[in-house]
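Take a look and give me a structure for this.
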Amino acid sequence: MVESWHEETAHASYCFEAADLPTKNVVVYSDRAEVKRVVKVSLSKGTSEIILKNVSAVIERQSVRVDGHGVLIQEVQYQEMPIDTEQENEKIRALEREKVNMENERFAIEDEMCSLRKRIEVLDGVASQIATGPPSTSSLPNEPLPLSTRRHTVIGSTASQFSHSAPSVGFLVNEETISNLAKFLSYYSETVSNMKTSLRSRQRDLDQQSEKIEALERKIDQLRCGYEYDSVRRNITIVVEMEAPAAVELFVSYQVYCASWKPAYDIRAVTTAGGEQENKIKLCYYGLVEQNTGDDWNDTDMVLSTASPSVGGCAPQLATLSASIQRPSKNQRQRQPSARRKPLYEASEEDMGFGSYDCNEMADAAALHRFTTAQISRSSEDNSVSTPSVENLVSTCFSVPRAVNIPSNGAEHKVLIMMVDLACSYTHDCVPPRCASAFLSAVITNTTPFPLPPGDAAVYLNNGFVTKTHLRAVPPGEEFRCSLGTDPSIKIDYKTPTISQEQVGFMSKSTLITHEQMISLRNAKATQAVQLTVKEQIPKSTDEKIKVCIVSPDVRAKHGEAKLNKDHNLEWTFVLAPGQQRDLLVKYTIEHPASEAVSFKQLA
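Prediction:
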């Protein structure tokens with residue numbers, strides 16, 4: 001951590017660049033952050049002025065706080081001053097001159113690379129000419145060769161007398177030719193290899209030079225845009241008084257916008273070699289921090305808070321909360337007559353889908369509950385004041401266990417908050433009509449003393465990625481469910497259904513359809529029992545002419561395993577022992593007029 005110490009005479013000004021000051025800690029909220037920076041300075045006796053120059057452009061001006069020991073703080077001011085355009089333009093011109101020099105260096109590298117390529121092309125051309133041989137004799141003048149040349153010719157004019165179609169090749173083979181060829185090949189191999197190595201090296205230099213020029217261009221553009229959209233400099237001036245010369249340490253805190261964090265989780269479950277699950281899971285709690293405040297946070301302690309930050313030194317004003325009788329809206333007045341005219345038991349029979357036996361008491365209770373819920377829902381939509389949930393009232397701070405570096409680039413940075421083991425139990429859910437697999441879920445209890453804020457979670461089973469999910473807010477002691485994928489140790493056999501049809505009735509003929517379905521389930525685990533929930537679809541009658549009767553299982557039993565859920569589907573919940581197999585019989589009848597047909601449609 002860099003320490004800045006200045007020694008001046010009394011009544012002097014001590015100037016610091018705010019971005020260069022060490023960052024002691026940062027508290028990050030959902031929409032801003034509170035930054036605490038350290039100012040270390042040697043002060044003389046008397047009054048002195050400490051100036052923090054060029055603080056962040058997104059500072060909350062009312063949030064500046066200064067704390068120190070051994071010094072009397074007399075005044076703290078936040079100031080905004082116009083930028084000296086001539087001085088800033090000179091900075092831009094200096095950067096542009098630097099850019100021109102860097103571009104000239106890039107051009108020199110490109111020229112050198114072009115020269116190397118040409119030299120390689122020339123040598124490649126000479127090597128290609130040697131490889132293809134000299135021109136054919138048809139293009140050469142028909143003159144007799146010297147005697148010495150004819151003596152060493154391997155393929156000469158004599159051969160051309162026997163083969164007029166093939167061109168003659170006049171390549172002289174002697175010791176001098178072979179020596180010259182070997183020297184050229186050695187020179188060609190070494191020279192071309194060195195030139196290609198130099199070419200690759202210069203290409204890397206060219207890429208690096210281009211990156212430097214691009215970075216310089218971005219810097220120039222940022223300066224120009226900054227002067228155009230933000231024409232002021234922000235300083236914090238602190239006036240202090242010392243009774244004696246001493247080195248002091250001041251802590252300057254202020255809030256900045258363009259910073260936020262959100263939670264993220266890893267949920268990791270582990271099974272043994274036999275497929276048994278442990279009764280705990282590991283929860284890795286992360287914070288995804290991003291900031292674009294203009295200042296980097298280097299080697300700083302960090303706290304992630306779910307609270308709302310306070311600004312100013314006074315308590316907020318509390319307005320009056322009025323309570324009045326709600327007047328029904330126009331839509332409510334239109335709905336009320338129809339709701340009064342229609343008996344509750346009629347609506348409930350249609351919803352439950354039963355016509356073959358009497359269940360008026362259960363139907364009336366369900367309809368009354370549904371009617372009350374609908375009224376409350378409509379009232380809540382029309383209310384102008386909403387009641388905050390308990391989850392939103394709980395504020396928690398999470399301290400990051402190590403120092404972090406968060407640059408001002410707007411990117412998400414993942415910091416580990418904690419790793420904790422949570423108690424859990426496992427359940428299995430299966431929907432045989434849709435998928436012949438059992439899905440493992442963990443019912444996890446938040447055994448920590450603090451709430452878990454809502455956030456995205458990555459789920460892992462035995463270090464293998466399963467899925468991504470969203471975790472709702474979980475207060476301490478509450479449970480939440482997490483899906484862990486399919487469990488192959490639960491075997492499901494969804495057999496082909498048996499459907500029969502017959503005519504019943506004397507005066508009015510009706511068609512009676514009997515649907516019979518067998519579901520076989522087996523727990524292949526050797527030592528662990530599983531809790532299994534099975535769901536099967538039952539048709540829901542939406543017409544009084546259609547009557548649906550469930551024959552098996554008996555859903556009217558008070559303590560039976562099977563029941564009808566809110567979606568009008570059969571649902572069993574039971575424990576399957578290790579190695580146990582169980583068969584579930586589903587049988588129901590559908591009765592409708594013989595002269596009419598029944599259509600089935602999936603409801604969302």
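
Tell me where the model's unsure across this structure.
1-11, 133-173, 226-228, 272-277, 310-314, 316, 329-394, 604 (pLDDT under 70).

In contact with the residue most central in space within the chain: list those residues for me.
Centrality entry for the chain: nearest residue to the mean C-alpha point is Asp456, 7.8 Å, by C-alpha atoms, centre = their mean. Contact partners of Asp456, counting by C-beta atoms under 8 Å, 6 or more residues apart in numbering, are Ala264, Tyr265, Lys468, Thr469, His470, Leu471. (Glycine included, C-beta is placed from N, CA and C.)

swap the cut-off to 10 Å and go again
Lys262, Pro263, Ala264, Tyr265, Tyr286, Leu288, Lys468, Thr469, His470, Leu471 (C-beta atoms under 10 Å, 6 or more residues apart in numbering).

how near is it to Thr467?
In this view, Asp456 and Thr467 are 11 Å apart by C-beta to C-beta, to the nearest Å.

ranking the contacts of Asp456 by neighbours, who comes first?
Within the contacts of Asp456, most neighbours by other C-beta atoms under 10 Å means Tyr286, with 23 neighbours.

can you pull up the bridge partners for the closest residue in space to that one that isn't next to it in sequence?
Take Tyr286 and drop its neighbours on the chain: the residue closest to it by C-beta to C-beta, 6 or more residues apart in numbering is Ala264, 4.5 Å away. Ala264 forms beta bridges with Tyr286, Asp456, as assigned by DSSP bridges.

picking that back up, any chance of the contacts of Asp456 in a markdown table, plus distance to Leu461?
Output for these, formatted as a markdown table (distance: C-beta to C-beta, whole Å):
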| residue | distance to Leu461 |
| --- | --- |
| Lys262 | 25 |
| Pro263 | 21 |
| Ala264 | 18 |
| Tyr265 | 15 |
| Tyr286 | 19 |
| Leu288 | 23 |
| Lys468 | 13 |
| Thr469 | 13 |
| His470 | 18 |
| Leu471 | 17 |
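
which two in these are spaced the farthest apart?
Using C-beta to C-beta, the pair of the contacts of Asp456 lying farthest apart is Leu288 and Thr469, separated by 16.1 Å.

For Glu478, give me phi and psi.
phi -90, psi 160 (degrees, to the nearest 10).

ignore the last one, Glu596
phi -130, psi 150.

Report how many residues lie close to it.
12.

So it sits against Ser508, correct?
No. Counting by C-beta atoms under 10 Å, Glu596 sits too far from Ser508 to count as a contact (11.7 Å).

following the lengthiest helix in the chain, which helix or strand shows up next?
Ordering each helix of the chain by length in residues (DSSP state H) puts helix 175-229 first. Moving toward the C-terminus from helix 175-229, the next helix or strand (DSSP states H and E) is strand 232-242.

Could you check how far that following strand is from the centre of its chain?
A distance of 41 Å separates the centroid of the chain from that of strand 232-242, by C-alpha atoms, centre = their mean, to the nearest Å.

Name every strand pairing with that strand and say which way it goes.
Strand 232-242 is paired, per DSSP bridges, with strand 46-53 (antiparallel), strand 72-82 (antiparallel).

Which helix or which strand is home to Ile109?
Take DSSP H and E as the rule and Ile109 turns out to sit in helix 85-132.

Quick one: list the elements packing against that helix.
helix 175-229 (3 or more C-beta pairs under 10 Å, 6 or more residues apart in numbering; DSSP states H and E).

tell me the angle of the helix it packs on relative to helix 85-132?
160 degrees (axes from the mean of the first three to the mean of the last three C-alpha atoms, to 10 degrees).

Great, nothing more from me.
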